[in-house]
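Enquirer: What would the 3D arrangement of this be:
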Amino acid sequence: MTVVTQPDVTVIIGAYEAMPYLVECLASVEVQTIDPARMEVIAVDDGSTDGTGEYLEEFADRAPMPVTVIRQDNSGGPSGPRNVGLGKAAGRYVFFLDADDRLGPEALERMVAMADKNGTDVVLGKVEGINRIPPKSMWGKTLDRTDVFSSNIKFTLSAQKLFRRALLEKHGMRFDESLWTGEDALFTMEAYLRADGVSVVADYPCYYLVGREDGKHVTKTGSYTLRFDSARALMKLIADMVPAGAKRDTLMIRPFLITLLPQFGPKFVTDDEEVRRHKFELAQPLMDAYWTPGVARRLKVHERLRLHLVAVRRPELLLDVVKFVKAKKQAAAILEKRGTRVYLVYPHFRSKEAGIPDQVFLAEPREARAFEGYREAAANSFLRRALRKIRRMLPSGGFGAAAA
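Expert: You can find the predicted model right below:
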């Protein structure tokens, strides 16, 4: 009698016109150091015409682990194949692998061990880029257990993570097939928020993000309206799951900065009048609903200024600011209040006609520290004053003399 044990991890590969990248992708699966009996692969060919489906079937015949190949008509995006794979998965964990990319040899073994050791529901493995720039800010150190509020993981919302399948099933989580871009951000953010802890493997490259020479990345294609759809969906999810306040503001930085702000970046200068008007129209409900002083305060001055001008519906002023930023000019700094305040002189600073509040141009400490003469008005200024008073009362020579 054969005892069928549950695999530890199911690798789900959605593939569309993936040759020749698929060859190295599957080779990276084949050399995983985790015991082949502990894993399974479910590969979904999404209507390819370049031999992708045939190569997957060939791989299934020779692979050391169980491989299921599903061939279907083209669904138009990555969500459909991932959902099909998820519906067939039997592993305790699932990992979504894009057919262009590849895994580090120890990736699955390390990530499964990390989740088992800490009881966490999501594991991020360090990402490195090959002809692509990967996210970087979350790989500072390995974290056994963290969450989306106290780390930088909100800046990597791609689907290439290890997820505990019981979490996904408990909440009926699937990728939104109505979104043409940003569907993985929605899925991953929901998983972060519902997870009982998240782990980060930062000391080993688990995932290689490969830049295709033909430039066919879903994230790089599609019109600007799709970006607004993506921002709207992510902002709504965050608002639905996190009460208004500092925690929500911390998460809202992600869609404002990564999805919305680029629509008002250098491209805005070359957009025609109709597109500019439409972008403002699409942005208005999002600005009205989710743009708060708490979000604004967490941004750099040029980011905050551009979004402020979108919020107050001033496209003509925004154009000047975008041109200034596009030219990569360094804004001059004005130091006030004995160096404790740094204002950055972007276009329309203290212009009566523009009427933009000074607060919009005020650099937060992280940005202000780059300017000579800045003095941090710390919360411990009372303590500093007390120490100065003590120094004055001590014999000449101060603390050193007293301690001698």
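
Enquirer: buried ones in the helix or strand hosting residue 230?
Expert: For residue 230, the host element (DSSP states H and E) is helix 224-241. For helix 224-241, a neighbour-count test (16 or more other CB atoms under 10 Å) marks 224, 227-235, 237-238 as buried. For glycine as for every other residue, the C-beta is placed from the backbone atoms N, C-alpha and C.

Enquirer: Repeat that for stretch 308-321.
Expert: For stretch 308-321, by 16+ other CB under 10 Å, it's 308-310, 314-315, 317-319, 321.

Enquirer: Can you add distance to residue 178, secondary structure and pLDDT and give these back as CSV?
Expert: Formatted as CSV, these follow (distance: CB to CB, whole Å; DSSP: H, G, I helix; E, B strand; the rest coil; pLDDT from 0 to 100):
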residue, distance to residue 178, secondary structure, pLDDT
308, 31, helix, 98
309, 31, helix, 98
310, 25, helix, 98
314, 32, coil, 96
315, 29, helix, 95
317, 35, helix, 97
318, 30, helix, 97
319, 33, helix, 96
321, 34, helix, 97
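
Enquirer: Which strands and helices lie in contact with the helix holding residue 230?
Expert: Helices and strands touching helix 224-241, by 3 or more CB pairs under 8 Å, 6 or more residues apart in numbering; DSSP states H and E, are helix 183-194, helix 246-254, helix 273-290.

Enquirer: would TSV of those with mean pLDDT be doable?
Expert: Shown next, in TSV, are these (pLDDT from 0 to 100):
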stretch	mean pLDDT
helix 183-194	96
helix 246-254	96
helix 273-290	97
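
Enquirer: Any idea which of these gets closest to residue 111?
Expert: Closest approach to residue 111 among the helices and strands packed on helix 224-241 is made by helix 183-194 (14.3 Å; CB to CB).

Enquirer: mind checking how far the closest one is from the chain centre?
Expert: 10 Å (CA atoms, centre = their mean, to the nearest Å).

Enquirer: Mind listing what's buried along it?
Expert: 183-193.

Enquirer: give me every residue that touches residue 375.
Expert: With contact set as CB atoms under 8 Å, 6 or more residues apart in numbering, residue 375 has these partners: 338-340.

Enquirer: An error on my part: the question was meant for residue 17.
Expert: With CB under 8 Å, 6+ apart, residue 17 has these contacts: 48-50, 52, 216.

Enquirer: Most neighbours among those residues, please name it.
Expert: When neighbours are counted by other CB atoms under 10 Å, residue 52 leads the contacts of residue 17 with 23 neighbours.

Enquirer: now the angle between helix 183-194 and the lengthiest strand in the chain, please.
Expert: The longest strand of the chain (DSSP state E) is strand 198-210. Angle of strand 198-210 versus helix 183-194, following axes from the mean of the first three to the mean of the last three CA atoms, to 10 degrees, is 170 degrees.

Enquirer: Strand 198-210 - what's its average pLDDT?
Expert: Regarding strand 198-210, the rounded mean pLDDT is 97.

Enquirer: What strands line up against it, and which way round?
Expert: Using DSSP bridges, the strands paired with strand 198-210 are strand 102-103 (antiparallel), strand 122-130 (parallel), strand 143-146 (antiparallel).

Enquirer: so which of the ones you listed comes closest to residue 292?
Expert: strand 143-146 (24.6 Å).

Enquirer: related to what we said a few turns ago, which stretch among the helices and strands packed on helix 224-241 comes nearest residue 332?
Expert: helix 246-254 (26.1 Å).

Enquirer: The closest one packs against which elements?
Expert: Against helix 246-254 (3+ CB pairs under 8 Å, 6+ apart) you get helix 183-194, helix 224-241, helix 293-297.

Enquirer: hmm, try it at 10 Å
Expert: helix 183-194, helix 224-241, helix 273-290, helix 293-297 (3 or more CB pairs under 10 Å, 6 or more residues apart in numbering; DSSP states H and E).

Enquirer: Figure out which of those helices is closest to residue 369.
Expert: Using CB to CB, those put helix 293-297 closest to residue 369, at 16.0 Å.

Enquirer: Is residue 159 in contact with residue 96, as I believe?
Expert: Yes: using CB atoms under 10 Å, residue 159 makes contact with residue 96 at a distance of 4.2 Å.

Enquirer: which residues do the two both contact?
Expert: 12, 14, 78, 82, 175, 184, 187-188 (CB atoms under 10 Å, 6 or more residues apart in numbering).

Enquirer: just curious, which of the residues you listed is nearest to residue 122?
Expert: residue 188 (7.9 Å).

Enquirer: Please report the distance of the closest one from residue 155.
Expert: Distance, residue 188 to residue 155, using CB to CB, to the nearest Å: 11 Å.

Enquirer: For residue 114, which residues are in contact?
Expert: Per CB under 10 Å, 6+ apart, neighbours of residue 114: 120, 123-125, 142-145, 162, 199-201, 206.

Enquirer: 7 Å instead?
Expert: Contact analysis of residue 114 by CB atoms under 7 Å, 6 or more residues apart in numbering lists 123, 199, 201.

Enquirer: with these in mind, which one is nearest to residue 28?
Expert: residue 201 (16.2 Å).

Enquirer: what's the nearest residue to residue 313 if we skip its chain neighbours?
Expert: Residue nearest to residue 313 in three dimensions, not counting chain neighbours: residue 280, with 6.5 Å by CB to CB, 6 or more residues apart in numbering.

Enquirer: Near the one you found, how many other residues are there?
Expert: With other CB under 10 Å as criterion, residue 280 counts 18.

Enquirer: My guess is it contacts residue 312. True?
Expert: No: if you go by CB atoms under 7 Å, residue 280 and residue 312 don't touch, sitting 10.7 Å apart.
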